[in-house]
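>>> my questions concern the predicted model and sequence given below.
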Amino acid sequence: MSNLSIALINEHDLFVSPIVILELQYLYEIKRITKKASDVIADLSNRIGLEVCNKDFINIITKATNLKWTRDPFDRIIVSNAALGGDVLVTKDQAMLNNYNNSKW
């Protein structure tokens with residue numbers, strides 16, 4: 001993890017798009033990760049104060065329909081969730097870094 005990412009995590013409230021829960025569960029089911037989504041989110045909540053964002057889902061989806069740089073629905077929703085509020089998105093994903101100006105790593 002980069003020094004910038006660590007600083008952002010340590011200095012700000014942390015939120016995750018609800019779609020991340022589904023993506024983590026999907027990764028667990030196909031054996032790409034070893035912990036269930038609920039366990040990952042609970043652990044991060046306890047360790048770093050992560051919260052699940054409660055922005056209006058229809059607004060997120062409406063914004064996601066305008067993102068054309070990826071076909072990945074998870075990425076479109078994650079970026080749209082952040083973009084609605086102009087929020088910083090901490091990510092290592094190069095496509096997100098290249099296409100969402102407020103993404104950081």
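Cool, got the structure.

>>> going forward, measure contacts between C-alpha atoms and count neighbours the same way
Fine.

>>> next, the contact list for Leu4, please.
Lys104, Trp105 (CA atoms under 8 Å, 6 or more residues apart in numbering).

>>> quick one: the strands in the protein?
Here the chain has its strands, by DSSP state E, at 15-16, 51-52, 89-90, 103-104.

>>> any chance of those in TSV, plus distance to Lys31, mean pLDDT and mean neighbour count?
Conversion of the strands of the chain to TSV gives the following (distance: least, CA to CA, whole Å; pLDDT from 0 to 100; neighbours: other CA atoms under 10 Å):
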stretch	distance to Lys31	mean pLDDT	mean neighbour count
strand 15-16	22	98	17
strand 51-52	23	98	16
strand 89-90	24	98	22
strand 103-104	28	98	20
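
>>> from Lys55, how far out is Asn66?
Plainly put, Asn66 is 18 Å away from Lys55 if you go by CA to CA, to the nearest Å.

>>> neighbour-wise, which of the two wins?
Ranked by neighbour count (other CA atoms under 10 Å), Asn66 and Lys55 place Lys55 first, with 14 against 10.

>>> show the pLDDT at that one.
As predicted, Lys55 sits at a pLDDT of 98.

>>> tell me the contacts of the residue nearest to it when sequence neighbours are not counted?
The spatially closest residue to Lys55, leaving aside those adjacent along the chain, is Asn81, at 7.3 Å (CA to CA, 6 or more residues apart in numbering). Taking CA under 8 Å, 6+ apart as the criterion, Asn81 is in contact with Ser17, Lys55, Ile60.

>>> tell me the one of these nearest Asp39?
Distance from Asp39 was checked for each of the contacts of Asn81 by CA to CA. The minimum falls on Ser17, at 16.0 Å.

>>> list the contacts for the nearest residue to the closest one once chain neighbours are set aside?
Among residues not flanking Ser17 along the chain, Cys53 sits closest, at 5.4 Å (CA to CA, 6+ apart). By CA under 8 Å, 6+ apart, the contact set of Cys53 is Phe15, Val16, Ser17, Pro18.

>>> please apply the same query to Lys104.
Listed by CA under 8 Å, 6+ apart, the contact partners of Lys104 are Leu4, Ser5, Val88, Leu89, Val90, Thr91, Lys92, Leu97.
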